[in-house]
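Q: Coordinates for the following, if possible.
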Amino acid sequence: MQSKLKLFGLLTVLFTVVTMPVVSYADDEFEEEFIEEADDIVGATSVADYDVDGTVFQKITSLEQEKVLMELEKERAQLDLDLDRLAAEKIKLQMEMDTLSGRAEQEQQILQNEKAKLEAEAARIEAEKNALIAAAAADVYEAPTQSYVAPKKSATPKKKVVKEENEEQEDISTMYKLVNVMGAGNQLQATLSDLETGQTKRVTVGKKINGFVVKSISLEDGVVFSKDGETQNLNISSR
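A: Residues are numbered from 1 along each chain as shown. The predicted model follows:
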């Protein structure tokens, strides 16, 4: 309504100016300026009163806006999908980390148990080793008090033992003499000296020498040999 009033006033002014007689050149210039200002006012009023609703420009603008909105919605949906995928991968990684952590703890516990077993086994072996060393040291220190040294024997060989069947059999005492018996318990060893060569040999129970098998060794009886079902003793009193 206000725009129409302005337009009506402007037309009234123009009509008055046109009907006025031209008095001078100055009045002409004033009229031209007035007309230009009126044109400017009319143009501004037309632009202000222009209604874009339903125009082609509005339709094109609306389509562009809808297109932009659709692209934005599409990108938003893609972002939501990417976020969901990242969240799922995060959960999966967390589960794998928890599994690996639990497995690592279990393996560490197994290793600790194995280490404890090995340490216990090493301690047991070390204790046995120390016991064996102590026993060997005790044998070395006790052997001189438990050994018997046989006196030197003459080079004259002894007579052979005659069996009931009057058959001759070898006599161990004609081949060896007992030098000493050393050791303790079941670990006794006997040192024999060869009467012909003078070489010494150390024997234990079960050892075979010149067809004779060492049956037993003791500090009291010396060495007991067995051959062909017959036994012979070799001790410090043997000549």
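
Q: residues near Ile172, how many?
A: 23 (other CB atoms under 10 Å). The way it works is simple: take the backbone N, C-alpha and C, and place the C-beta from them, glycine included.

Q: Have a look at the chain and report the helix or strand with the lowest mean pLDDT.
A: strand 161-162 (a mean of 42; mean pLDDT, DSSP states H and E).

Q: which other helices and strands contact the helix ranked longest in the chain?
A: Looking across the chain with DSSP state H, the single longest helix is helix 56-146. In terms of contacts (3 or more CB pairs under 8 Å, 6 or more residues apart in numbering; DSSP states H and E), helix 56-146 is packed against strand 176-182.

Q: got the angle between the strand it packs on and helix 56-146?
A: Between strand 176-182 and helix 56-146, the angle comes out at 120 degrees (axes from the mean of the first three to the mean of the last three CA atoms, to 10 degrees).

Q: which SS state does Val223 fall under?
A: Classification of Val223 using DSSP: H, G, I helix; E, B strand; the rest coil returns strand.

Q: What count of nearby residues applies to it?
A: The burial count for Val223: 28, using other CB under 10 Å.

Q: for the one 3 residues further on, same thing?
A: Other residues near Ser226 come to 14 when the count uses other CB under 10 Å.

Q: could we number from 54 for the rest of this?
A: Noted, 54 is the first residue going forward, which turns the last one into Ser279.

Q: Grab the nearest non-local neighbour of it.
A: Among residues not flanking Ser279 along the chain, Lys268 sits closest, at 4.4 Å (CB to CB, 6 or more residues apart in numbering).

Q: Quick check: pLDDT value at Lys230.
A: Lys230 carries a pLDDT value of 90.

Q: same check, this time on Ile178
A: 94.

Q: do the same with Glu90
A: 65.

Q: just Pro204 next, same as before
A: Pro204 is given a pLDDT of 51.

Q: Report how many residues lie close to Gly155.
A: Residues contacting Gly155 under the criterion other CB under 10 Å number 10.

Q: mind checking how far it is from Met148?
A: Noted for Gly155: a distance of 11 Å to Met148, by CB to CB, to the nearest Å.

Q: ok, now Val256?
A: In terms of CB to CB, Val256 sits 73 Å off from Met148.

Q: between these two, who's got more neighbours?
A: Val256 (19 against 10).

Q: so that one sits right up against Val266, yeah?
A: No: shown here, Val256 and Val266 do not form a contact pair, counting by CB atoms under 8 Å, at 9.9 Å.

Q: what sits against Ile267?
A: To be clear, residue 267 is Val; Ile isn't right here. Val267 is in contact with Ala243, Val256, Thr257, Val258, Gly259, Lys260, Lys261, Val276, Val277, Phe278, counting by CB atoms under 8 Å, 6 or more residues apart in numbering.

Q: make it 7 Å
A: Shown in contact with Val267 (CB atoms under 7 Å, 6 or more residues apart in numbering): Val256, Thr257, Val258, Gly259, Lys260, Val276, Phe278.

Q: where does the fourth one land in three-state SS?
A: Which is Gly259. coil.

Q: got the contact list for it?
A: Val267.

Q: What are the structural domain limits within this protein?
A: 55-103, 214-287 (automatic domain parsing).

Q: mind showing which ranges of the protein have poor pLDDT?
A: For the chain, applying pLDDT under 70 flags the ranges 54-107, 191-222, 290-292.
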